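Chemist: Whatever this is, show me its structure:
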Amino acid sequence: MPRINQDLLKRLQSKLGLSRSRVYRLIEAKVGETHLERHLAAIVVASENKINIAKYASADDLAAIRGAKAPQKPPAVESAPVNRLVRRVVKTDEPILLDLSFVSSTELREILERDVAELNAVRSLGLEKTAKTCMILCGSIAEALLLDRLSQNQAASAAVASSLPPGLRPRSPNNPEEWDLNGMINVAPGLTPPLLPDDAVTGAHQLRQWRNLIHPARELRDARNKRIKPTKERARNAIAFLQFIATELGC
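Modeler: Here you go, the predicted structure:
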């Protein structure tokens, strides 16, 4: 069986900002979806992520991929009593993919890869069942992304932090690792150029508010006073905010 082209594998790692093992998992998922051989599934993953596959795919490869994508006639289902039929909900959402190529810290990259994988795992169970977990994880991932970007230019970040008024200034202004998410968000737009535009700052603060639902007392107060509680609609918005923020930080 032909092996996955190693140059293509490196291109996928660089494009997606993922480890080699995570890229292999994406390829295996595509194998399960398409029933293609692994080297062909890798070409499909690359094509779906806007990588030019011309030098990696032969005419035979492309023909095999087109055949796998062609609509298949569904098999006939024998009639059976309704109570004997097995019903399953098929999840069609694509995995959440964040470009982590701008993350400079190896330790933070490992944390981010783990948390994004966990977010995809719980999301696959259905947002109506995992809304709180998704909302909290999105806030945590956004915080890790901000921490890395602020730490890349720690001197400038510390200068902005020190210039903020007391109500907005992070504690220990010279050390981003000691800042909470609120402090990070307050510093980000003050850098030159700003790390986040105004609308992304608004989304980041919303993620912070939802992330704080990890505290039971906070969840009770917010439910009573602000009508904020975990819902699949909020979870879906949390994922969208996270993807927006990750894109802006990677610019």
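
Chemist: show me where the stretch 1-150 of the chain has helices.
Modeler: 6-16, 20-34, 38-48, 59-69, 106-123, 127-152 (DSSP state H, counting those that start in this stretch).

Chemist: In the second one, which residues are buried?
Modeler: By that I understand helix 20-34. By neighbour count on 16 or more other CB atoms under 10 Å, the buried set for helix 20-34 is 22-24, 26-27, 30-31. For glycine as for every other residue, the C-beta is placed from the backbone atoms N, C-alpha and C.

Chemist: Grab the nearest non-local neighbour of residue 135.
Modeler: residue 210 (4.2 Å; CB to CB, 6 or more residues apart in numbering).

Chemist: Check the one you found and give its pLDDT.
Modeler: Each residue has a pLDDT score; the one for residue 210 is 97.

Chemist: where does it land in three-state SS?
Modeler: What DSSP: H, G, I helix; E, B strand; the rest coil gives for residue 210 is helix.

Chemist: List the contacts of it.
Modeler: Listed by CB atoms under 8 Å, 6 or more residues apart in numbering, the contact set of residue 210 reads 135-136, 138-139, 228, 234, 238.

Chemist: change it to 6 Å
Modeler: By CB atoms under 6 Å, 6 or more residues apart in numbering, the residues touching residue 210 are 135, 139, 238.

Chemist: likewise residue 65?
Modeler: So residue 65 contacts 40, 44 (CB under 6 Å, 6+ apart).

Chemist: can you do 7 Å?
Modeler: 36, 40, 43-44 (CB atoms under 7 Å, 6 or more residues apart in numbering).

Chemist: so can I have JSON lines of the helices of the stretch 1-150 of the chain showing mean pLDDT?
Modeler: As requested, the helices of the stretch 1-150 of the chain are exported to JSON lines (pLDDT from 0 to 100):
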{"stretch": "helix 6-16", "mean pLDDT": "88"}
{"stretch": "helix 20-34", "mean pLDDT": "84"}
{"stretch": "helix 38-48", "mean pLDDT": "89"}
{"stretch": "helix 59-69", "mean pLDDT": "81"}
{"stretch": "helix 106-123", "mean pLDDT": "94"}
{"stretch": "helix 127-152", "mean pLDDT": "97"}
